[in-house]
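Participant: Generate coordinates for the sequence data below:
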Amino acid sequence: MDTYWLLLLLPIATGSGWYAATRAFLRQSKIQHWLPSEYFRGLTFLLSDEPDKALEILVTALEKDKDTVEVQLALGSLFRKRGEIQRATRVHQNLVARTQLDASQKIHALYELAQDYYKAGLFDRAEHLLLEIGSGHELDESAKQLLLKIYEQEKEWRNAIEVAKNLESFREYSLGGIIAHYHCEIAENALSEGRYDVAGKYIQLARFIDGDCVRGIIQSGRLLAAQGDHRGAISEWVYGASLHSELPGEVIGLIHNSYKIINALDEYGNFLSEMLKTRDDNRLVLALTEYLRENEGEEAAEIFLLTKIRSSPSVSGFHRLIQLRLSKADGQYSGDLSLLERLIGSIDDGDSGYECRHCGFQGKMMHWNCPGCRNWNTTQIRIRRALTTHKDDVI
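Facilitator: Have a look, this model is predicted:
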């Protein structure tokens, strides 16, 4: 138990009890002595290194006094911050059950209890309380922010859209970028279920809300490709590439697949060459290396890759070069290259990927909503461009 906070709260509780006793004396000419007695009992337990018993006595004592609402709210909040959700819930449930609370105290108690339920993972209960609180009070914005978190956790994107729109009235900046992601989430579900009309509707809404929505552009191309319009899909992605330099690397697999389906791989090779004139993206370098290997032979691929490595050294490029040379090596040279390939491969595997610039969460997949801090649009590609330095591209 954090004795500092307990010692801080005990005098506050004593003062509240003294105040209540004084008021009672003025009304009834009779002083109530229960809180000082409980205070000293609690202090005895505290000094005996039994903080849990001391705290239990304090909580029980505070619950008896209707004039200690603010102290109980603070105490419950402290419990929650310490991870003692059951204790926090008990304090706030007892407050909510009181009939003599004024409107402001009632709302505050309901909001604190909703936070307890949210921390405990009881999202339905928390949502019910937040909806019961309603709007037009001092905690309106905070309640809506918590409600938005719940809808995100439960993937109730339509409800999230409505709450986010309401939240914009409290802020000096737009939540359009996040709202666009909510539309993209609905579109993603529709795409996976083959409901292309619904997907198209929400993709259009996302791009209307956020004209710079990378995710919407990617989804638009995927929708066209799913409907058999691969030329249209490629056009969408090429358009996106003119707006976002990092986009081709993100969708290079999709672009390759569409060019392959329409039997236009020569155009794919030209596309990669054009992109690399203005971009230094290892994903594009490796993609063009593979294109050259499949269409012009390993020697052409090796010459191209070696040229790129000399001008812009990278772990991933060096790793692929070793693999190319290993495929035609033999004897002791082959064994040495194999060992080096495994070593560089392990470095490359741990070095490339994605990272949240807000909390540092790392992963191999692109997350539009960071699993670590739950922020949107904070993921960046993390690829070691050079053997000695880092350079990040932000998506």
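Participant: okay, T44: pLDDT?
Facilitator: Predicted confidence (pLDDT) for T44: 49.
Participant: actually A180, not the one I wrote
Facilitator: Reading off the model, A180 has pLDDT 96.
Participant: Likewise for D351?
Facilitator: Taking D351 on its own, its pLDDT is 58.
Participant: Go through stretch 210-224 and flag the buried ones.
Facilitator: Of all the residues in stretch 210-224, those buried under the rule 16 or more other CB atoms under 10 Å are 210, 213-224. (C-beta placed from N, C-alpha, C; glycine too.)
Participant: Going by distance to E154, which of those wins?
Facilitator: Nearest to E154 among these is R215, at 20.7 Å by CB to CB.
Participant: by contact count, what packs against the helix or strand harbouring L148?
Facilitator: Using DSSP states H and E, L148 sits in helix 140-153. Counting contacts by 3 or more CB pairs under 8 Å, 6 or more residues apart in numbering; DSSP states H and E, helix 140-153 packs against helix 103-119, helix 123-133, helix 157-167.
Participant: That one vs helix 123-133, what angle?
Facilitator: 150 degrees (axes from the mean of the first three to the mean of the last three CA atoms, to 10 degrees).
Participant: now the angle from helix 140-153 to helix 157-167?
Facilitator: Using the same axes, to 10 degrees: helix 140-153 against helix 157-167 is 160 degrees.
Participant: Extract the CA atoms of helix 140-153 and return them as PDB.
Facilitator: In PDB, the C-alpha atoms belonging to helix 140-153 read as follows (Å, rounded to 0.1, in the frame of the first residue of the first chain):
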ATOM      1  CA  ASP A 140     -19.600  15.800 -21.200                       C
ATOM      2  CA  GLU A 141     -16.400  15.800 -23.300                       C
ATOM      3  CA  SER A 142     -14.600  13.300 -21.000                       C
ATOM      4  CA  ALA A 143     -17.600  10.900 -21.100                       C
ATOM      5  CA  LYS A 144     -17.700  11.000 -24.900                       C
ATOM      6  CA  GLN A 145     -14.000  10.400 -25.100                       C
ATOM      7  CA  LEU A 146     -14.400   7.300 -23.000                       C
ATOM      8  CA  LEU A 147     -17.400   6.200 -24.900                       C
ATOM      9  CA  LEU A 148     -15.400   6.600 -28.200                       C
ATOM     10  CA  LYS A 149     -12.700   4.300 -26.700                       C
ATOM     11  CA  ILE A 150     -15.400   1.700 -25.900                       C
ATOM     12  CA  TYR A 151     -16.800   1.800 -29.400                       C
ATOM     13  CA  GLU A 152     -13.300   1.400 -30.900                       C
ATOM     14  CA  GLN A 153     -12.600  -1.600 -28.600                       C
END
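Participant: tell me the mean pLDDT for it?
Facilitator: Helix 140-153 comes out at a mean pLDDT of 94.
Participant: Let me see the domain layout of the chain.
Facilitator: Under automatic domain parsing, the residue ranges defining each domain of the chain are 3-170, 174-279.
Participant: of those domains, which approaches A300 most closely?
Facilitator: So among the domains of the chain, domain 174-279 is nearest, using CB to CB, at 11.1 Å.
Participant: any idea where the strands of this structure begin and end?
Facilitator: 353-356, 362-363, 379-382, 393-394 (DSSP state E).
Participant: If I average pLDDT within each of those, which one is lowest?
Facilitator: strand 393-394 (a mean of 40).
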